[in-house]
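S.K.: Okay, sequence plus prediction incoming.
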Amino acid sequence: MGSTPVVEVRRSARRRRMVSARREGDTVVVFIPGWMSEAEEHDWVAEMVRRLERSESRRRSPGRRGDEALLRRGRELSTRYLEGRARPVSIRWVPPMRTRWASCTPVDGTIRLSERLRDAPGWVVDYVLVHELAHLLEAGHDARFWSWVHRYPRTERAIGYLEGLNAAAALGLTGVDGEDTGGADEDADADEPVEDAVTAG
């Protein structure tokens, strides 16, 4: 994170001890107890921004470092979730596409990911990679295709993340590579912690 983020502080009289932070769009929101002094607020804001950025950095995809790293990650995911049967020839970052997050050309084994995904959490990039790798096994978006994709355990959460990102940015993208996600199950585990939030208490 090269630039200083926009920070919004939200005080709450009901909050007794815990300080937490999460990212809302381009803004880092820090939640603090109402009794804190300005000096304590200043210190906690700096600490929570540091923790959030460190957490986000850990979660970024190893593939964000370049095309070779992206190809290595794709092969790892194929081995883990697709029995090693998807064998991409190349996976590379490309300038943002108008209508999709990624694309695959099964005939030559090439996969392209939009640069818009470079700063997405690693588990989201992994989902997009698994989705495109599955096209090397099944060209369409039929039941057999989705049976491969759903071997990746965070599929539904990643679909929800991308839909939210799309809505927030008003990008007008449809699914990952143009597929209709209307029939996808919505069974994300509501008890799992929010991926982009950190707490301290």
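M.R.: Yep, it's here. Keep in mind the model is a prediction, meaning the values are calculated, not measured.
S.K.: quick one: the strands in the chain?
M.R.: Taking DSSP state E to define them, one finds strands in the chain at 6-12, 19-24, 27-33, 90-94, 102-105, 110-114, 197-200.
S.K.: relative to strand 19-24, how tilted is the longest helix seen in the chain?
M.R.: The longest helix of the chain (DSSP state H) is helix 38-59. Here the directions of helix 38-59 and strand 19-24 differ by 50 degrees (axes from the mean of the first three to the mean of the last three CA atoms, to 10 degrees).
S.K.: on that earlier part again, would you mind finding the most buried of the strands of the chain?
M.R.: strand 110-114 (a mean of 23; mean count of other CB atoms under 10 Å). Placement of C-beta: from N, CA and C, glycine included.
S.K.: CA atoms of the longest helix of the chain as PDB?
M.R.: Taking C-alpha atoms only, helix 38-59 is exported to PDB below (Å, rounded to 0.1, in the frame of the first residue of the first chain):
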ATOM      1  CA  GLU A  38      -7.700  12.100  21.000                       C
ATOM      2  CA  ALA A  39      -4.100  10.900  21.600                       C
ATOM      3  CA  GLU A  40      -5.300   7.300  22.200                       C
ATOM      4  CA  GLU A  41      -7.500   7.600  19.000                       C
ATOM      5  CA  HIS A  42      -4.400   8.800  17.000                       C
ATOM      6  CA  ASP A  43      -2.300   5.900  18.300                       C
ATOM      7  CA  TRP A  44      -4.900   3.200  17.700                       C
ATOM      8  CA  VAL A  45      -5.800   4.500  14.200                       C
ATOM      9  CA  ALA A  46      -2.200   4.200  13.200                       C
ATOM     10  CA  GLU A  47      -1.900   0.800  14.700                       C
ATOM     11  CA  MET A  48      -5.100  -0.600  13.200                       C
ATOM     12  CA  VAL A  49      -4.200   0.700   9.700                       C
ATOM     13  CA  ARG A  50      -0.800  -1.000  10.000                       C
ATOM     14  CA  ARG A  51      -2.500  -4.300  11.100                       C
ATOM     15  CA  LEU A  52      -5.100  -4.200   8.300                       C
ATOM     16  CA  GLU A  53      -2.500  -3.500   5.600                       C
ATOM     17  CA  ARG A  54      -0.300  -6.300   7.000                       C
ATOM     18  CA  SER A  55      -3.200  -8.600   7.000                       C
ATOM     19  CA  GLU A  56      -4.200  -7.700   3.400                       C
ATOM     20  CA  SER A  57      -0.600  -8.100   2.300                       C
ATOM     21  CA  ARG A  58      -0.500 -11.600   3.700                       C
ATOM     22  CA  ARG A  59      -3.700 -12.500   1.900                       C
END
